[in-house]
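Chemist: Okay, structure incoming, though there's no sequence with it:
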């Protein structure tokens, strides 16, 4: 009877450890994602402000269209790159958060 209780306590302790490891991985990953998103937002705002200044100094409509077109292309490419990077970060987060549970599954599967 005592062996069953000790086994149950051991399993409970191991599961708590796994949950804490997964929580730590998720916390670290989400913090990195938040930092990346904030950095991108700051950079995007600064680039938009710089373009607005250029637009206000444009001497002709043609020049304004040229500035706006170049900005739109650059902003779109930057956005696609950022979304791709964030997608990879989320995928890595999921993998890291799941790793502790892989250990548990592999132990129980044997």
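Modeler: Okay, I see it. Here the structure is a predicted model, which means the values were calculated and not measured. Numbers count the residues shown, from 1 in each chain.

Chemist: only C-alpha atoms for contact and neighbour calcs from this point on.
Modeler: Fine.

Chemist: which one is residue 21 nearest to, not counting chain neighbours?
Modeler: Spatially, and ignoring its direct neighbours in sequence, residue 21 is nearest to residue 100 (6.5 Å; Cα to Cα, 6 or more residues apart in numbering).

Chemist: list the contacts for the one you found?
Modeler: By Cα atoms under 8 Å, 6 or more residues apart in numbering, the contact set of residue 100 is 18-19, 21-22.

Chemist: okay, the residues you listed in TSV with neighbour count, secondary structure and distance to residue 54 next?
Modeler: Below are the contacts of residue 100 laid out as TSV (neighbours: other Cα atoms under 10 Å; DSSP: H, G, I helix; E, B strand; the rest coil; distance: Cα to Cα, whole Å):
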residue	neighbour count	secondary structure	distance to residue 54
18	20	helix	54
19	16	helix	52
21	18	helix	50
22	21	helix	48
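
Chemist: contacting residues for residue 30?
Modeler: Counted by Cα under 8 Å, 6+ apart, residue 30 has contacts residue 93.

Chemist: roughly how far apart are it and residue 103?
Modeler: Look at residue 30 and residue 103: by Cα to Cα, to the nearest Å, they are 22 Å apart.

Chemist: any low-confidence regions in the chain?
Modeler: For the chain, residues meeting the criterion pLDDT under 70 lie at 1-2, 5, 7-9, 11, 104, 107-110.
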